[in-house]
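> When you get a sec, could you give me coordinates for this:
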Amino acid sequence: MLTTYAFIFARGGSKGLPGKNIRPLGGIPLITHSIRHAQALTDVTRIYVSTDSDEIADVAIRAGAEVIHRPSALASDTTPEWQAWQHAVEYLQQQDQNFDVFLSLPATSPLRSVDDIKKCLAALDTDTDMVITAAPASRHPCFNMIHRSDDGQSRLVMSNSSVDRRQDAHPVYDMTTVAYVTRPDFIMRNSGIFSGRVKSVLVPRERAIDIDEELDFLFAEALYHHVHHHTG
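As a prediction, the model looks like this:
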């Protein structure tokens, strides 16, 4: 039986949406949604929140998670989150906490379902180093994504003269933050998600909202209340 630990990485500073990780969505702090998703998974034996914020730590503990205190040097808006992943794995290894599967559930994707996460866990096989999630893209780089210069001169991001209609173009997908699944040794031996063999699990766009700014939060709030109004 593989041992799976769940992680939520939530730093205190957010320029796009200050305080977003503990901002209430449906009356529940954002980070608590991720903690509850992890608690609903029978495969997960421990849940950790990595943070530099005492306020986030207090919310996490009240929700039933354990806390890894992240150094401020690993909590700036320019620090790759991969380094925070490595810090968490190394911290637990030093505590003789050995586990087989690393599951990251970002607080910014509160609309994921437990089934979405289960599919990600099941997708980690011997031929895969990292499982990510993706959703159908709303824009295609061959048709409606552009580069733009300061004076307004514009050109397509990707020009393919052999494809005239969007429906004939190869489908593209947005990488989402619903879940990440990998192994601790892969994190410690590499420097990023695409350092190894990556598999993606498709998630509907309505469950793949990634909250980064106020507009994202408003969308998430509207979808959350729509779903719970019709199911509650």
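> the strands in this structure, which residues?
4-9, 24-25, 28-29, 44-51, 66-69, 101-104, 130-136, 146-148, 154-156, 173-182, 198-202 (DSSP state E).
> Show me what the mean pLDDT comes to for the longest helix along the chain.
In terms of residue count, the longest helix belonging to the chain (DSSP state H) is helix 214-231. Averaged over helix 214-231, pLDDT sits at 85.
> cool, and stretch 92-104?
Stretch 92-104 carries an average pLDDT of 96.
> So for it, first residue to last residue, what's the gap.
The first and last residues of stretch 92-104 sit 15 Å apart, counting by Cα to Cα, to the nearest Å.
> ok, residues contacting it?
The contact list for stretch 92-104 (Cβ atoms under 8 Å, 6 or more residues apart in numbering) reads 2-9, 38, 43-46, 48, 68, 85, 89, 117, 120-121, 124, 179-184, 187. From N, CA and C alone the C-beta is placed, and that goes for glycine too.
> again, but for stretch 119-128
4, 41, 43, 101, 103, 131, 133, 178-183, 197-199, 201.
> quick one: the residue most central in space within the chain and Ala135, what's the gap?
Centroid-nearest residue in the chain: Thr177, 2.7 Å away (criterion: Cα atoms, centre = their mean). According to Cβ to Cβ, to the nearest Å, Thr177 and Ala135 sit 10 Å apart.
> Kindly point out which residues are neighbours of both of these two.
Ala208.
> hmm, back to that, right, so the strands of the chain: which one is the most enclosed?
Across those, averaging neighbours per residue (mean count of other Cβ atoms under 10 Å) puts strand 4-9 on top, at a mean of 24.
> From the contact counts, what lies against it?
Applying 3 or more Cβ pairs under 8 Å, 6 or more residues apart in numbering; DSSP states H and E, one finds that strand 4-9 makes contact with helix 30-39, strand 44-51, helix 81-94, strand 101-104.
> Tabulate those (TSV), appending distance to Ser159.
Below are the helices and strands packed on strand 4-9 laid out as TSV (distance: least, Cβ to Cβ, whole Å):
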stretch	distance to Ser159
helix 30-39	39
strand 44-51	42
helix 81-94	32
strand 101-104	36
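> how about the ones you listed, which one is nearest Ala73?
Between Ala73 and the helices and strands packed on strand 4-9, the shortest gap by Cβ to Cβ is with helix 81-94, which sits at 9.0 Å.
> Okay, angle between the closest one and strand 4-9 too, please.
130 degrees (axes from the mean of the first three to the mean of the last three Cα atoms, to 10 degrees).
> quick one: buried residues of helix 81-94?
Glu81, Ala84, Trp85, Gln86, His87, Ala88, Val89, Leu92 (16 or more other Cβ atoms under 10 Å).
> Appreciated, that's everything.
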